[in-house]
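Enquirer: here is a sequence with its predicted model. Questions after.
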Amino acid sequence: MTTQAASPPVRWSAPEGAWTEPDLHLFPQDGHRYEIVDGSLHASPPPPASHETIVAAVVAALRAAAPPGWWVCDRLGVQIGSSNLVPDVTVLRPRSSGRVWSDPADVALIVEVETAATRRYDRILKPTLYAEGGIGSYWRVETGQTSPILRTYLLGGARYRAQHSIEGAEPVKLDAPYPIRIAPGGWA
């Protein structure tokens, strides 16, 4: 019986100076989310299966209501200045540029689905960056007592203003990014 020695782990080093988008290609596709915020690396652990279930439900609801030409994507990167963010869901306006990293001018809505590991990031830092990029609508999905809670925000000046807090199985009509009826109670 022969045994093979385990291959040594791949070694890499941090860049000289700020992290940039090409540096993100150094990381494996291991379920972690690697993002850059103002030149600093941020890594989130792989989300739980419940997170993925909600992301899929949000994508399905948005796609079902999308007018022709609109794109609903999960984990599509958005470049805002020196930051490269990967939201859970991105809604692109018709005639978007089609770049690998979306231009914020093409983005109508960003949706983040919170986990315990991303709560502060999704509530504080990411909305600030999305607002700086001029993205008109931001939705955050939180864990509720009996069903997910959808919190919607519209850009007003330089920051987001709370619009709706929606929970349960009764559909609620929203106007942004396009007319849609949402019922988060069915997402879990």
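Expert: The structure has been received and is ready for your questions.
Enquirer: rest of the way, CA atoms for contacts and neighbours
Expert: Fine.
Enquirer: determine the set of other helices and strands touching the longest helix along the chain.
Expert: Longest helix in the chain, counting residues (DSSP state H): helix 49-65. Using 3 or more CA pairs under 8 Å, 6 or more residues apart in numbering; DSSP states H and E as the contact test, the elements touching helix 49-65 are strand 71-74, strand 89-92, strand 107-113, strand 180-182.
Enquirer: so which residues of this structure form strands?
Expert: Under the criterion DSSP state E, the chain contains strands at 33-37, 40-44, 71-74, 78-80, 83-85, 89-92, 107-113, 137-142, 149-156, 159-167, 172-174, 180-182.
Enquirer: ok, back up a step: now the longest helix of the chain, how far from the chain's geometric center?
Expert: Distance of helix 49-65 from the chain centroid (CA atoms, centre = their mean, to the nearest Å) equals 12 Å.
Enquirer: same check on stretch 81-101?
Expert: 10 Å.
Enquirer: and the contacts of it?
Expert: Contacts with stretch 81-101, where a contact means CA atoms under 8 Å, 6 or more residues apart in numbering, come from 20-21, 33-39, 55, 58-59, 68-79, 103, 106-113, 133, 177.
Enquirer: buried ones among those residues?
Expert: 20-21, 33-37, 39, 55, 58-59, 70-74, 76-79, 103, 106-113, 133, 177 (16 or more other CA atoms under 10 Å).
Enquirer: hey, what's Asn84 bridged with?
Expert: On the basis of DSSP bridges, Asn84 is bridged to Ile36, Gln79.
Enquirer: number of residues surrounding it?
Expert: Asn84: 24 surrounding residues under other CA atoms under 10 Å.
Enquirer: just want the most central residue of this structure.
Expert: Residue closest to the average C-alpha location in the chain (CA atoms, centre = their mean): Pro87, at 1.5 Å.
Enquirer: mind checking pLDDT for it?
Expert: At Pro87, the model reports a pLDDT of 97.
Enquirer: look up how far Val78 lies from it.
Expert: The gap separating Pro87 from Val78 is 8 Å, by CA to CA, to the nearest Å.
Enquirer: same check on Pro46?
Expert: Taken as CA to CA, the span from Pro46 to Val78 is 19 Å.
Enquirer: before we move on, what about Gly157?
Expert: Using CA to CA, Gly157 is found at 20 Å from Val78.
Enquirer: one more: Val100?
Expert: 8 Å.
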